[in-house]
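Chemist: below is the structure, and that's it, no one-letter string:
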């Protein structure tokens with residue numbers, strides 16, 4: 001299995017091909033992900049990690065199109081990023097945006113067929129969770145009240161995001177997608 005870790009920094013996933021803008025990272029390829037196309041082969045990777053990187057890019061659509069291009073059909077894409085109301089969004093001056101549960105629906109075929117078409121890149125949504133982390137990167141141990149509130153928010157994302165996200169800020173959002181390519 002070929003794994004790509006975009007924006008790997010110093011904590012690259014073991015065995016993955018790492019890409020990062022910083023020469024001080026553990027990247028195998030030093031590259032600015034804002035510059036497309038990326039220096040990677042088409043249809044190469046079975047899994048792509050985007051841990052705390054998508055919030056830094058200038059153009060999310062171009063970023064996702066490049067993820068799509070380098071992924072094989074059926075590849076798993078894991079994106080962990082700051083949630084829109086969390087303090088991590090504004091804590092880092094290089095962050096350009098936060099995300100909510102609907103931020104990546106513009107790449108889902110059902111949504112595109114019914115509403116907007118910005119890109120031909122397609123991903124099926126497998127999971128969207130608040131405050132979930134890949135265990136190899138971070139272990140999150142919230143207290144009992146936070147566990148309850150995050151679980152409630154996860155069960156009722158639309159209500160939480162419309163009414164309560166600024167009252168009870170959540171720090172991160174986790175997307176697990178699957179690349180969908182035609183025949």
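Modeler: Happy to help now that I have it. The structure presented is a predicted model; accordingly, all values stated were derived computationally and were not measured.
Chemist: got a list of what residue 62 touches?
Modeler: Residue 62 makes contacts with 34, 36, as judged by Cβ atoms under 8 Å, 6 or more residues apart in numbering. (Each C-beta comes from the backbone N, C-alpha and C, glycine too.)
Chemist: hmm, 6 Å instead?
Modeler: Counting by Cβ atoms under 6 Å, 6 or more residues apart in numbering, residue 62 touches residue 36.
Chemist: how distant is whichever strand or helix holds it from the center of its chain?
Modeler: Element membership for residue 62, per DSSP states H and E: helix 60-70. Averaging C-alpha positions (Cα atoms, centre = their mean, to the nearest Å) puts helix 60-70 11 Å from its chain's average.
Chemist: grab the nearest non-local neighbour of residue 164.
Modeler: residue 153 (7.3 Å; Cβ to Cβ, 6 or more residues apart in numbering).
Chemist: the one you found falls within a helix, correct?
Modeler: Yes. Counting by DSSP: H, G, I helix; E, B strand; the rest coil, residue 153 is located in a helix.
Chemist: that one contacts residue 159, correct?
Modeler: No. Using Cβ atoms under 6 Å, residue 153 is not in contact with residue 159, being 8.6 Å away.
Chemist: so for those two, which residue has more residues nearby?
Modeler: Under the criterion of other Cβ atoms under 10 Å, the comparison of residue 153 against residue 159 puts residue 153 first, with 21 against 12.
Chemist: distance check, the more buried one against residue 13.
Modeler: Counting by Cβ to Cβ, to the nearest Å, the gap from residue 153 to residue 13 is 28 Å.
Chemist: sec struct for the residue positioned nearest the centre of the chain, please.
Modeler: In the chain, the C-alpha nearest the mean C-alpha coordinate belongs to residue 79, at 2.1 Å (Cα atoms, centre = their mean). Under three-state DSSP, the three-state class of residue 79 is strand.
Chemist: report the beta-bridge partners for it.
Modeler: Taking DSSP bridges as the rule, residue 79 bridges to residue 50, residue 175.
Chemist: correct me, but it touches residue 51?
Modeler: No. Look at residue 79 against residue 51 with Cβ under 6 Å: they stay out of range, at 7.9 Å.
Chemist: show me what counts as buried in stretch 163-174.
Modeler: For stretch 163-174, a neighbour-count test (16 or more other Cβ atoms under 10 Å) marks 164, 165, 170, 171, 172, 173, 174 as buried.
Chemist: correction: stretch 73-87
Modeler: Residues 75, 76, 77, 78, 79, 80, 81, 82, 83, 84, 85, 86 are the ones in stretch 73-87 that count as buried (16+ other Cβ under 10 Å).
Chemist: now swap in stretch 148-165 and tell me
Modeler: So, applying 16+ other Cβ under 10 Å, buried residues of stretch 148-165: 149, 150, 153, 154, 157, 160, 161, 164, 165.
Chemist: I appreciate the help and will end here.
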